[in-house]
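Student: structure for the following, please:
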Amino acid sequence: MLDKLVGEFIEEQCVNPTFIMEHPEIMSPLAKWHRSVPGLTERFELFLGKKEVVNAYTELNDPFVQRSRFEQQAKDKAAGDDEAQMIDETFCTSLEFGLPPTGGVGLGIDRLTMFLTDSNNIKEVLLFPAMKPDVNKEKEEVNGVL
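Tutor: Numbering: from 1, shown residues only. Model (predicted):
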């Protein structure tokens with residue numbers, strides 16, 4: 001619900017380049033907790049023209065905290081949250097062997113292309129046909145062929 005509220009009331013105001021920073025832990029299950037503000041994470045997103053272009057965060061590298069967050073996500077998924085993740089045991093096991101402090105920035109070429117072409121839907125700019133809507137199939141369904 002928090003993500004929907006942010007999308008409705010905050011992201012819609014992000015016309016000029018805008019950074020949304022320090023997301024709540026509940027919205028960022030893979031991000032490391034904030035160093036000085038409990039309940040927040042070290043994460044930011046860059047918005048241009050109301051569209052998210054960049055997502056970046058410090059990777060959570062504590063296997064016990066990560067497993068706990070995955071467990072909560074699994075409960076949320078069972079309760080009907082479509083965006084929640086299941087427990088990734090392989091990832092948790094990998095963390096137990098040790099992950100040095102890491103972070104990353106995701107700049108999707110598809111999202112940047114959406115911004116530059118003023119597209120509203122990511123399917124309009126994807127190069128991979130399997131991800132694009134099948135217009136001919138939709139026409140056949142409407143005409144009763146299928």
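Student: for burial, what's the neighbour tally of the nearest residue to R35 once chain neighbours are set aside?
Tutor: In space, and not counting its chain neighbours, R35 is closest to E42: 7.1 Å by CB to CB, 6 or more residues apart in numbering. All C-beta spots, glycine's among them, are computed from the backbone N, C-alpha and C. Using other CB atoms under 10 Å, E42 has 20 neighbouring residues.
Student: now Q73
Tutor: Other residues close to Q73 by other CB under 10 Å number 19.
Student: using the three-state scheme, assign it.
Tutor: For Q73, the assignment made with DSSP: H, G, I helix; E, B strand; the rest coil gives helix.
Student: cool, Y57 as well?
Tutor: With three-state DSSP as the basis, Y57 sits in strand.
Student: that one reaches L30, doesn't it?
Tutor: Yes: the criterion here is CB atoms under 8 Å, and Y57 meets it with L30 at 7.1 Å.
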